[in-house]
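Participant: structure of the sequence below:
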Amino acid sequence: MLTARQEQILCKVVDDYLRTGQPVASRSIASDPLLECGPSTVRNELALLEEVGLLAHPHVSSGRVPTDAAHRYVVDRMLSSGQGLARGGGLELSLIQREVEEAMRVTTETLSQVTNLLAVVSAPSLNTATIRHIEVLALQPQVVMVVIITSTGGVSKVLSTFERPVDPGLLTWAGEYLRERLVGMGLGARMLHQRLVEPSLSAIEEAFIERLVPALGDLASEAEDELYVEGTAKLFSAGQIEDAAQLDGIVSLLERRVVLLRVLRAALSEPGVYVRIGHENELPALRSLALVATGYGLGQRKLGAVSVIGPVRMDYAGAIVTVREAAHELSRFVEDAYAEN
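Facilitator: Numbering: from 1, shown residues only. The predicted model follows:
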């Protein structure tokens, strides 16, 4: 159990570290007029906080940085007291009474913009995602990649290797043909393959399209996984992820959407806000990150989760308030949508 002074010093370290991203020096803490103690007392308290695992000392001459346990301590303190979590002016999501799919997309985009973090929202299976865009690209003269982007932000990609270099003109035609035939189609539509059948195709064109068809097979599970993702690039921006080795794990996690859905389902069992910091996360890809999530739905029935993912050094108060606001708005929207059906 920390003393009031230790809590004050710990919160000061966490706040300064969140703001600057740099170790916090004892002289910076001692200069705070709200702390009624001298530099020697501050150094002593910092040493005690380090002994109990709440602070770390990266280098002998550097200041202290908060550990995952320190962030957990501050988050628990905020959640129990409500301090710093006052309701703001609202997210102003402008959730028009349209399809739930559009509401989920607007929510995800707004969450990412407001928090500058990766936003992930799981949705009730009310609508089937559609194909938003298709690209056919040459990675090498004989290696072709098909990338399919869905309306929920999902990505499916397939590589095909040919015996001889592929004609660039054939690649351009294939991309245009697939976009013309498939964009806007539902992922679960049985007509996807039928849409590609065209008697006027030449033997070369027909054979080439047949080689690309397996990319559509990967979309079957996507129709079941109602997951909306926005702001992936924000995780890769300067200062967001300090360990470059984590990038590959995060990309893999985003590709394995079923695993990410499983993480969000865990949030549905929490009565309030679900926060996992650093090594508290079970998935290795998330162990250098933090997750803030909460459920939304109808009364006591939760239909999905709203979450943000970012570095351990995140604004937890802002993330918690924003996630709560988004869940509140989505719950209102879903209630209205269900009432109309």
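Participant: ok but Tyr228 is inside a strand, no?
Facilitator: Yes: residue state for Tyr228 (DSSP: H, G, I helix; E, B strand; the rest coil) corresponds to a strand.
Participant: any idea how far His71 is from it?
Facilitator: Separation of Tyr228 from His71 (CB to CB, to the nearest Å): 26 Å. (Glycine included, C-beta is placed from N, CA and C.)
Participant: the two: who's more crowded?
Facilitator: Between Tyr228 and His71, counted using other CB atoms under 10 Å, the more crowded position is Tyr228 (26 against 23).
Participant: need the pLDDT of that one.
Facilitator: Per-residue confidence (pLDDT) for Tyr228: 87.
Participant: quick one: residues contacting it.
Facilitator: 104-105, 107-108, 119-123, 152-153 (CB atoms under 8 Å, 6 or more residues apart in numbering).
Participant: okay if I get those as TSV plus neighbour count, pLDDT and secondary structure?
Facilitator: Below are these laid out as TSV (neighbours: other CB atoms under 10 Å; pLDDT from 0 to 100; DSSP: H, G, I helix; E, B strand; the rest coil):
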residue	neighbour count	pLDDT	secondary structure
Met104	28	82	helix
Arg105	18	84	helix
Thr107	26	88	helix
Thr108	26	90	helix
Ala119	29	92	strand
Val120	28	92	strand
Val121	31	91	strand
Ser122	26	87	strand
Ala123	25	77	coil
Thr152	25	58	coil
Gly153	23	60	coil
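Participant: pull the CA atoms of stretch 162-175 into CSV?
Facilitator: Taking C-alpha atoms only, stretch 162-175 is exported to CSV below (Å, rounded to 0.1, in the frame of the first residue of the first chain):
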residue,chain,number,x,y,z
PHE,A,162,3.6,-18.8,-62.8
GLU,A,163,6.0,-20.8,-65.0
ARG,A,164,6.9,-17.7,-67.0
PRO,A,165,6.8,-13.9,-66.6
VAL,A,166,3.3,-12.5,-66.6
ASP,A,167,2.4,-9.9,-69.3
PRO,A,168,1.9,-6.5,-67.5
GLY,A,169,-1.1,-5.9,-69.8
LEU,A,170,-2.7,-9.1,-68.5
LEU,A,171,-2.2,-7.9,-64.9
THR,A,172,-3.8,-4.5,-65.6
TRP,A,173,-6.8,-6.2,-67.4
ALA,A,174,-7.2,-8.7,-64.5
GLY,A,175,-7.4,-6.0,-61.9
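Participant: part of a strand, is Cys37?
Facilitator: No: read with three-state DSSP, Cys37 is coil and lies in no strand.
Participant: show me what contacts the closest residue in space to it that isn't next to it in sequence?
Facilitator: Counting by CB to CB, 6 or more residues apart in numbering, Cys37 lies nearest to Arg5, which is 6.7 Å off, once chain neighbours are set aside. By CB under 8 Å, 6+ apart, the residues touching Arg5 are 35, 37, 41, 45.
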